[in-house]
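>>> Quick one, what's the 3D model for this:
(chains A and B)
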Number of protein chains: 2
Amino acid sequence: MNIARFVPPHRVLMGPGPSDVSPRVLQALGQPTIGHLDPYFIGMMDEIKTLLQYAFQTQNPFTIAISAPGSAGMEACFVNLIEPGETVIVCRNGVFGDRMRENVERCGGLCIMVDDEWGAPVSPEKLEQALKENPQASIVAFVHAETSTGVLSDAKTLAELAQKYNCLSIVDAVTSLGGVPLLVDEWGLDAVYSGSQKCLSCVPGLSPVTFSSRALEKMQNRTSKVQSWFLDQSLILGYWTGETQRSYHHTAPVNSLYALHESLLLLKDEGIERVWQRHRDMHLLLKNKLEAIGIKFLVDASCRLPQLNAVAVPEGLHDPDVRKALLKEYNLEIGAGLGILAGKAWRIGLMGYSARKENVLLCASALKEVCSAPFRKTAE
Amino acid sequence: MNIARFVPPHRVLMGPGPSDVSPRVLQALGQPTIGHLDPYFIGMMDEIKTLLQYAFQTQNPFTIAISAPGSAGMEACFVNLIEPGETVIVCRNGVFGDRMRENVERCGGLCIMVDDEWGAPVSPEKLEQALKENPQASIVAFVHAETSTGVLSDAKTLAELAQKYNCLSIVDAVTSLGGVPLLVDEWGLDAVYSGSQKCLSCVPGLSPVTFSSRALEKMQNRTSKVQSWFLDQSLILGYWTGETQRSYHHTAPVNSLYALHESLLLLKDEGIERVWQRHRDMHLLLKNKLEAIGIKFLVDASCRLPQLNAVAVPEGLHDPDVRKALLKEYNLEIGAGLGILAGKAWRIGLMGYSARKENVLLCASALKEVCSAPFRKTAE
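Numbering: from 1, shown residues only, chains lettered A, B, ... in the order given. Modelled structure (predicted):
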């Protein structure tokens, strides 16, 4: 066994996440570990709640970070809000809508699927039709920003429909939080989960989550126990929000939470509207640069995510070779297509700290070089 | 909202975990993030598997780190190996045995409890009796090192009994891994989980897990789907061990895995037998120092954990005041009693990087000062 210390190469991360992490966040991350019941740490957790409320644009008291990646945040929403036998309407227009279905089924819920094309947003008309046909449904689940296709759906309208038909909404905001407007209170979203490694540009491994009072009420009136002990949010309530004494649940990922605190502070200091605008600006810059070299967007401009640009792999290019060359020659990571888009699309992330002019220029010029004929031969 | 950058105080961590993290591990943690599908990262994951096999003393190919804390590692073992209606014998001699019961019940398993006193090890005789009385049982679950009481149980004998009666064993090694001998292959343990923040002295948030071929076989022959998508290890198999291409499951906690790699390298470089010996040596040193100032151990010497010393709070002292004074005046954290031991016991950790002479001396001398009468008045 001959294993040496690991020193990662220095990459520019322009895939679907993790995004580039600011040196300030890395510095916060590497600070000495303290106990998870230390008064200083508990004070920091309270600040994280406040900062997350700002990021989610909510006053929900139950706004926390799950101690695991976004897929655990997703599962936390489903296992706490669904009881066996309940009907859940799941909107699916990409990989992550399908993962929602997996979650519902594993909770013993009954799924009604509302399908839209990959690359199109969720259709409010189809959702309303499904709500009309299934008055027994109690929950509507949809993805705000589909990471697999780069499509933004109209969360406000979808949530209004859910409310109109007396359903709670579960919303995947993994890629949207901190990248495009997400107004949890104004739009009346009920359970929203995200990930630390996308537009917040924190290290991967945490999942910010917020529950409305309606979601909390449903959770607290359950007749069956939540099937997951680790993700049972009624136990987490005492851990993150106990007034007098925090009840021990699990050991919090102390250092990752240092990093989340710092990344949320960066968001607050820049101002969330300015952050949204920066994502739009960098997206337009990238779009102009890419179109100038003949690279086409897959998603209609009306529903494009500025922070995740799905483009077609140009004719005659071998997707893995191009990505390999970008990584090897320029230390630049872009994302492959996922699911039915594998081999056909690239996903270029401009998330959080990655959304900077220098990255846009690097990406466009490196792609131009790699896609040019002489280089293609070398790459093959 | 007036929130500043968070700068933690510099503590000495001698509680039940997290333990002190070596500066080398913190430095590894703070390195720039790379993508979770980057070839360099995948190479590092392979090294982590090899290093974890060494730490667990196993050749099990399925030896990985779950992307969440030890309680998720626990849940991963139970949800993957239990199908609804199965009978599971759970040995309970502290808080974490009871958490196992919670897990079994939430999987739809039927629990047979084998109870021992808090502060005593699991009784092999009682376990054998339960196995005789319940021939339908398919799994035996027990805690190797009870973090709530500081007691070591005889995992070898308990696992042999499980095998004798045709049961798989699920073993909580959260506090034992890297602190006392744990010989997964030699003892024939089937599913073993641990935590990163105890004797490995990595940051909290990861759960090393290893499954024997018998455990994998049982998992692969399930007739029902695992109730958790996030913890479904059949999906993780392709992520951690895919031969040709890693299939995407979730975004790995990249930086925490840098830290785990480094902490496992420290373990390997020191040598696991020497690490076990250091824990024993530091425990004996602490024991002598504490007994010299009249502090008594709660657990019989025959089954004491060197890495977690449960001692009685001396008569006339107010537990929270003493711990508060240690933290405030000396930046020293020790652990409170848990469950029925709350207020009556302290748990003094000597785990991993915390198990150093300077810490033993600090702890003993600080306790001596804080427990002395004049200081007690100040603390009250």
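>>> who's in contact with the residue in the stretch 251-380 of chain A positioned nearest to chain B?
Using C-beta to the nearest C-beta, A:Pro253 is the residue of the stretch 251-380 of chain A that sits closest to chain B, at 3.1 Å. For the C-beta atoms, the positions are set from N, CA and C on the backbone; glycine is no exception. Applying C-beta atoms under 8 Å, 6 or more residues apart in numbering or on different chains, we find A:Pro253 in contact with A:Ser67, A:Gly205, A:Leu206, B:Pro69, B:Val203, B:Pro204, B:Gly205, B:Pro253, B:Ser256.
>>> Isn't the third one up against A:Ile64?
When you say that, I think you mean A:Leu206. No: using C-beta atoms under 8 Å, A:Leu206 is not in contact with A:Ile64, being 9.8 Å away.
>>> Looking at those two, which one has more neighbours?
A:Leu206 (31 against 25; other C-beta atoms under 10 Å in any protein chain shown).
>>> and that one, what pLDDT?
A:Leu206 carries a pLDDT value of 98.
>>> Once you drop chain neighbours, what's closest to it?
A:Ser196 (4.0 Å; C-beta to C-beta, 6 or more residues apart in numbering or on different chains).
>>> Could I get the phi/psi values of the one you found?
A:Ser196 adopts backbone torsions of phi -80, psi -20, taken as degrees, to the nearest 10.
>>> what number of residues lie near it?
There are 33 residues near A:Ser196, going by other C-beta under 10 Å.
>>> same deal with the one 3 residues further on?
Under the neighbour criterion other C-beta under 10 Å, A:Cys199 is assigned a count of 37.
>>> Report the secondary structure element holding it.
A:Cys199 belongs to no helix or strand when assigned by DSSP states H and E.
>>> what about it, distance to A:Gly179?
4 Å (C-beta to C-beta, to the nearest Å).
>>> any shared contact partners between these two?
Here A:Cys199 and A:Gly179 have A:Val275, A:His279, A:Gln307, A:Met351, A:Gly352 as joint contacts, going by C-beta under 8 Å, 6+ apart.
>>> Just the closest of these to B:Asn221, please.
Comparing these against B:Asn221 with C-beta to C-beta places A:Met351 closest, at 41.2 Å.
>>> Quick one: low-confidence residue ranges for the stretch 251-380 of chain A.
Within the stretch 251-380 of chain A, the segments meeting pLDDT under 70 span A:373-380.
>>> Which neighbouring elements make contact with the lengthiest helix in chain A?
What stands out as the longest helix in chain A, according to DSSP state H, is helix A:272-292. Contact here means 3 or more C-beta pairs under 8 Å, 6 or more residues apart in numbering or on different chains; DSSP states H and E; on that basis helix A:272-292 packs against strand A:308-312, helix A:357-371.
>>> quick one: what helix or strand has A:Ser148 in it?
A:Ser148 belongs to no helix or strand when assigned by DSSP H and E.
>>> ok, it touching A:Leu338?
Yes: contact between A:Ser148 and A:Leu338 holds when scored by C-beta under 8 Å: they sit 4.3 Å apart.
>>> the more surrounded of those two?
A:Ser148 (27 against 20).
>>> tell me the pLDDT at that one?
93.
>>> cool, the one 4 residues further on as well?
Here, the pLDDT recorded for A:Leu152 equals 98.
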